[in-house]
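Participant: What shape does this take:
(one chain, ligands or ions: 1)
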Amino acid sequence: MKIPLFSKKPEMAEDPVCHMQVDMSNPSGGTAEHEGKTYYFCGPGCRVAFKKEPAAYLSGEKSVEM
Ligand SMILES: [Zn+2]
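Facilitator: All right, here's what the predicted structure looks like:
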């Protein structure tokens with residue numbers, strides 16, 4: 001008999017701009033799609049920065065220190 005899990009961990013995703021962990025069910029910075037993938041952001045500033053130059057952040061060429 002399986003015991004159901006009561007404390008379900010929230011699913012986390014990494015903000016591609018500042019590399020913070022963001023709750024996927026409630027990203028405070030919203031989401032953005034890039035090449036069919038959804039990215040999650042800690043704040044609107046990161047989302048705006050990512051949308052300007054998504055490739056630069058994904059390749060690690062650019063990053064933001066928080
Ligand atoms: Zn961020």
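Participant: how near is residue 50 to residue 57?
Facilitator: Counting by Cβ to Cβ, to the nearest Å, the gap from residue 50 to residue 57 is 5 Å. Every residue, glycine included, has its C-beta placed from N, CA and C.
Participant: Need the overlap of contacts for those two.
Facilitator: 16, 17 (Cβ atoms under 8 Å, 6 or more residues apart in numbering).
Participant: got the contact list for residue 27?
Facilitator: The contact partners of residue 27, taken as Cβ under 8 Å, 6+ apart, are 13, 40, 41, 42.
Participant: Residues of this protein that sit close to the ion?
Facilitator: With Cβ under 5 Å from the ion as the criterion, the chain comes near the ion at residues 15, 17, 18, 42, 46.
Participant: how about the contacts of residue 27 in a markdown table, adding pLDDT?
Facilitator: Putting those into a markdown table (pLDDT from 0 to 100) gives the following:
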| residue | pLDDT |
| --- | --- |
| 13 | 96 |
| 40 | 97 |
| 41 | 98 |
| 42 | 97 |
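Participant: Please narrow the residues you listed to those residing in strands.
Facilitator: Judged by DSSP state E, strands contain the following of the contacts of residue 27: 13, 40.
Participant: Selection in PyMOL covering whichever of the contacts of residue 27 are buried, please.
Facilitator: Burial among those is assessed by 16 or more other Cβ atoms under 10 Å; the matching PyMOL selection reads:
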select buried, resi 13+40+41+42
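Participant: Would you tell me which one of the contacts of residue 27 comes nearest to the ion?
Facilitator: Taking Cβ to the ion as the measure, the ion lies nearest residue 42 of these, at 3.5 Å.
Participant: Correct me if wrong: that closest one contacts residue 30.
Facilitator: No - look at residue 42 against residue 30 with Cβ atoms under 8 Å: they stay out of range, at 10.1 Å.
Participant: That'll do, ta.
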